[in-house]
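>>> When you get a sec, could you give me coordinates for this:
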Amino acid sequence: MNFILLFGPQAVGKMTVGKELAKITDLKLFHNHMTIDLLVPLFGFTPEMWRLCHMFRKEIIKSAAASGMNGIIFTTVWAFSEPPTTKVAGF
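Below you'll find the predicted structure:
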């Protein structure tokens, strides 16, 4: 499976770039707000929301890889100003 990761600070156009890439490739766009927008109304910006968000993202990407689709374009905020963690792109 092909995987394109678009990352950067908030509101710099990651999703816009992803939409344009999806138009010229046969890759599906999986932007970060697809999971955030689902969970924030239920849990707010809480540790539980982020736990579920990361779990959903990981499982969706695993399922996409197993499905035989050509690939996905994934967007995420990568906050270089934050202390390092063991998680990359929310995984």
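>>> can you pull the contacts of the spatially most central residue of the chain?
What sits nearest the mean C-alpha location of the chain, by C-alpha atoms, centre = their mean, is Asn32, with 3.8 Å. Contacts of Asn32 were listed using C-beta atoms under 8 Å, 6 or more residues apart in numbering, and they are 14-15, 74-77, 90. Bear in mind the C-beta positions are built from the backbone N, C-alpha and C, glycine included.
>>> Just the closest of these to Glu59, please.
Nearest to Glu59, judged by C-beta to C-beta, of these is Gly90 at 12.1 Å.
>>> Okay, helices next: where are they in the protein?
Under the criterion DSSP state H, the chain contains helices at 14-24, 33-43, 47-67.
>>> Turn those into CSV, including mean pLDDT, distance to Leu5 and mean neighbour count.
Converted to CSV, the helices of the chain look like this (pLDDT from 0 to 100; distance: least, C-beta to C-beta, whole Å; neighbours: other C-beta atoms under 10 Å):
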stretch, mean pLDDT, distance to Leu5, mean neighbour count
helix 14-24, 95, 10, 15
helix 33-43, 95, 15, 14
helix 47-67, 94, 10, 14
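>>> I'd like those helices laid out as JSON lines, including distance to Ile4.
Formatted as JSON lines, the helices of the chain follow (distance: least, C-beta to C-beta, whole Å):
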{"stretch": "helix 14-24", "distance to Ile4": "7"}
{"stretch": "helix 33-43", "distance to Ile4": "15"}
{"stretch": "helix 47-67", "distance to Ile4": "12"}
